[in-house]
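J.: What shape does this take:
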Amino acid sequence: MNKLFAVTAGAAASLALATSAAAAPPAWCKGVNAGPADVSRLSSTDVKEVLKTFVSAACVFSPEVDAHRAEIEAARQAWTKRLGMVEADWADAAAYSVTRDDSTIRATPSSDVLAAAAPIDQYAIIAKVSEGDSETYAKLDTMYAADMFESNLSQLGRFAFLTTTCFDQGRYPAVDSDGMLGTEVSWAICQADFERFDLAKFLDEVRSASTDGAVKMKLRVAAFDLPKRMRDHAADVQQMLKRDDGNRKAFDVAAKARAEWSSGIGKNAKLLELVLAMDSAQLAQSRKQLDGCEAKTTAALADAVATMPARAFAGMHDERNNPIAGFASSAGPVLVQSPAVNLAAIAFVECAPDSAISAFLKDSLANGPGLRGPRSAALSGIKAARIVHDKMNAKLTFPSSRPYGRAYPDGHVAVMSRGGVITSVKRNGELLTIGLEKNLVKQQDCLKSHSTGRVQQVRGDGSVIYERVCDKSGTVVHDYTWINFEVSAKYASWLRPGVQFSSVEKDVIAIWPSKNAKAPSMVLGGAVK
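T.: Predicted coordinates for the structure are as follows:
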């Protein structure tokens, strides 16, 4: 007897009575269009083929099936239990059985508002990000996508993250000559998700999902061997941890970073809701979802910056002769180290992506830690730890992260900022014209020189530069004062004579109460003390 039919004699007898008494096919067979079952296919290793055969056997009469009705039904009941189904779920199996292959079965989010995402929607969104489903989805990575839902992450969402990101994709783990897999960092980040995955809850979410039955069955089939895969993965992890203490350190750092995020900024529900709303607007490319966001994100950014001490920006100023090394360059990496500022900056950038301040914040985010959620925080924590392995050539492989293409911690904020001490402020419509205090610098210059007649250089155009020797030098005062600035009039209440400011294009990013102040009193609208 086929092993799929192997049941106890008592169970077979009970099922024989039940099935002989039931002349009509099950209610879930309504609408099924299938041919007679080939019961030999019940021994297939293809789960879909087995399910298709069960559907045909239950819904289409044939002498072969009728002769083995009790055994087939016992096997079907065993598969019902194995796949976490109830009898009504076989309607999903019927829908699944007529599909060509799993790649044609796609879950579609029921809403483009992320805050309203049901468990099945979370799964669909994370899967779409993994596939780079569109230009907007391709801007994210699956860590960011899972982090978006962290405060309400479903088991379906966690399943999507695990299956797209955390298992070794495409090959059985094989160590290189230095004992590395290349998956150490990803596995460290994913460990908490493996530990928190609940298969029973996952199956409950599948059953209650408002989606096509074929999608539900695809998910059950995908989870069919998940317990075994997770056990195998756990064994691979244990072997990896034994190979080098550096690997164990990566797991410890990831666990600590995830815990700190969850117990810290992860409790700021108001800020997280704002960031999720902006993520939603960008994924949906919805102007309606962006309505009113400027005031909210500006206030959130100011509130977040206000939690930072002024001393964090001590000694930072714009440089007249090197604007690219000014206040913005120094302050950007410091700002995004704050979890609250980091999240508020994401919201601001998504609300007003084309503003000058957003350009500054984007560059800062790209050169700072990822803190959208516990997974990105874990990745940043491992990068910052600079873990060393026993094997001299062993190196950790870091997964790429989007949307900011992070170079942390080796990047540099290149946005140029300029400013100075104000002498006058004049309003011209929507702009303010700012006059600056003179910036006079004494330098030793050559006052008189003569040519030696020797060729010093020949330019590309053929002209000749002759060597000159200085005959007399002296002190000369140079005026390096910037020409008058124009900034947005919305900053009028901050700007008055005697105040020092820093700006990017027409946006003011920092204020010092005087030119002698060692630290700013306001950064990005937030009062710092």
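
J.: what does the longest strand along the chain rub up against?
T.: With DSSP state E applied, the strand covering the greatest number of residues in the chain is identified as strand 440-458. With contacts defined as Cβ atoms under 8 Å, 6 or more residues apart in numbering, strand 440-458 is touched by 464-481. Using the backbone N, CA and C atoms, a C-beta is placed for each residue, glycine as well.

J.: Buried among these? Make that a PyMOL selection.
T.: Selecting the buried subset of the contacts of strand 440-458 in PyMOL, with 16 or more other Cβ atoms under 10 Å as the burial test, is done by:
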select buried, resi 481
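
J.: could you dump stretch 135-144 to CSV, C-alpha only?
T.: Written as CSV, here are the backbone C-alpha positions of stretch 135-144 (Å, rounded to 0.1, in the frame of the first residue of the first chain):
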residue,chain,number,x,y,z
GLU,A,135,10.8,51.7,-9.0
THR,A,136,9.5,52.8,-5.6
TYR,A,137,9.6,49.4,-4.1
ALA,A,138,13.1,48.8,-5.5
LYS,A,139,14.3,51.8,-3.5
LEU,A,140,13.9,49.8,-0.3
ASP,A,141,15.5,46.7,1.1
THR,A,142,13.7,43.9,3.0
MET,A,143,15.2,44.9,6.3
TYR,A,144,13.7,48.4,5.9
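
J.: Mind listing residues that contact it?
T.: With contacts defined as Cβ under 8 Å, 6+ apart, stretch 135-144 is touched by 125-126, 128-132, 160-161, 164-165, 189, 282-283, 285, 370, 372-373, 375-376, 379, 399-403.

J.: The same query, at a cut-off of 7 Å, please.
T.: Residues outside stretch 135-144 that contact it (Cβ atoms under 7 Å, 6 or more residues apart in numbering) are 126, 128-130, 132, 161, 164-165, 189, 282-283, 285, 372, 375-376, 379, 400-403.

J.: before we move on, the earlier item: neighbouring strands for the longest strand of the chain, and are they parallel or not?
T.: strand 464-479 (antiparallel) (DSSP bridges).

J.: circling back to that earlier point, for the longest strand of the chain, what does the pLDDT average out to?
T.: Mean pLDDT, strand 440-458: 89.

J.: Mark which of the contacts of stretch 135-144 are buried, thanks.
T.: Burial by neighbour count, judged by 16+ other Cβ under 10 Å, picks out 126, 128-130, 161, 164-165, 189, 282-283, 372, 375-376, 379, 401-403 from those.

J.: Please narrow those to those residing in helices.
T.: Secondary structure assignment by DSSP state H places 126, 128-130, 161, 189, 282-283, 375-376, 379 of these in helices.

J.: Greatest separation within those residues: which pair is it?
T.: I189 and Q282 (23.6 Å; Cβ to Cβ).

J.: in the protein, which spans are strands?
T.: Using DSSP E, the strands found in the chain span residues 418-428, 431-436, 440-458, 464-479, 485-488, 500-504, 507-512, 522-523, 526-527.

J.: How about T481, nearest residue that isn't a chain neighbour?
T.: Taking Cβ to Cβ, 6 or more residues apart in numbering as the measure, T481 lies nearest to N439, with 4.6 Å between them; neighbours along the chain are not counted.
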